[in-house]
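J.: got a sequence here, can you model it:
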Amino acid sequence: MDAAAYVTLSRQSGLMQEMRVIANNIANSATTGFRQEGVIFSEYVRAIPDQPSLSMTRSQVRNTSQEQGMLTQTNGRFDLAIQGDGYFLIETPAGERLTRAGSFTPNAQGDLVTPEGHVLLDAGGAPVFVPPDAGDIGIASDGTISSNGRVMGQIGLFQPIDPLTMQREDGVMFRAGSGVEPAGTATILQGYLESSNVSAILQVSRMIEVQRAYEAGQNLLNAEDERLRNVIRTLVR
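T.: Residues are numbered from 1 along each chain as shown. Below you'll find the model as predicted:
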């Protein structure tokens, strides 16, 4: 296989990976708190002694869009949306995770949990507890929870210490490898949910572009294969 085929194959592999990411984005365009994902392409050079170097593509790095999603009013007492750069911190069996999905409900013990049962944590890292007999619940922009004028706690808003170490897990959850710290300027809106920040139209347009680029690369590989077959036929006659 010659250099052109190796380069084209590396490009095809990257385009296939981007196609999977785009398809996942489109599938989650209606998922609350979902963050659009993208693929970062880079170049690496394969050096071969006494031969010209070979420039190939690599697409092993993914990036997450931090663009604010549209806020939808639900009037749910424990539906919460974040404005600005910040995340809710939840406790999962695998450890603490960050999320923008703000649909919570009290469990049997009175702790606020996600639909999967993961406990929401307060500013101090403890479970957010709401007494079952609490009256009118109000949640301020800084996360302070009050009932009939009595303060009961404060929902924490956090951000990764190093955003580059944040890794996506299970759709809307992220693991911060460097740890977390309080979010500075983010605020909470009660009775709202943040929609996915995926633009389905733009993603479908990009999918068409990637598909056409992949088809062009496949046509090149087919033409190169046919050329080599003709050369072999000529030599064996």
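J.: so after the helix or strand bottoming out on mean pLDDT in the chain, what's the next helix or strand?
T.: When each helix and strand of the chain is scored by mean pLDDT, DSSP states H and E, strand 54-64 comes last, with a mean of 74. Going down the chain from strand 54-64, the next helix or strand is strand 71-73, by DSSP states H and E.
J.: figure out how far the helix or strand just after that next one is from the centre of its chain.
T.: Going down the chain from strand 71-73, the next helix or strand is strand 80-83, by DSSP H and E. Computed by CA atoms, centre = their mean, to the nearest Å, the chain-centroid distance of strand 80-83 equals 17 Å.
J.: could I get strand 80-83 in CSV with only the CA atoms?
T.: Written as CSV, here are the backbone C-alpha positions of strand 80-83 (Å, rounded to 0.1, in the frame of the first residue of the first chain):
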residue,chain,number,x,y,z
LEU,A,80,-33.4,24.0,38.1
ALA,A,81,-31.4,25.6,35.3
ILE,A,82,-28.0,27.1,35.4
GLN,A,83,-27.1,30.4,33.8
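J.: what strand or helix carries Val7?
T.: Applying DSSP H and E, one finds Val7 within helix 3-27.
J.: elements contacting that helix?
T.: strand 37-46, strand 54-64, helix 200-236 (3 or more CB pairs under 8 Å, 6 or more residues apart in numbering; DSSP states H and E). Using the backbone N, CA and C atoms, a C-beta is placed for each residue, glycine as well.
J.: okay, the ones you listed in TSV with distance to Leu164 next?
T.: Putting the helices and strands packed on helix 3-27 into TSV (distance: least, CB to CB, whole Å) gives the following:
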stretch	distance to Leu164
strand 37-46	12
strand 54-64	10
helix 200-236	24
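J.: where does the chain have low pLDDT?
T.: Across the chain, the ranges flagged by pLDDT under 70 are 1-4, 43-48, 53-56, 60, 237.
J.: ok, the most centrally placed residue in the chain - contacts?
T.: For the chain, the residue nearest the mean C-alpha position is Arg35 (4.3 Å; CA atoms, centre = their mean). If you count contacts by CB atoms under 8 Å, 6 or more residues apart in numbering, Arg35 has them with 64-66, 100, 168, 172, 196-197.
J.: great, nothing more from me.
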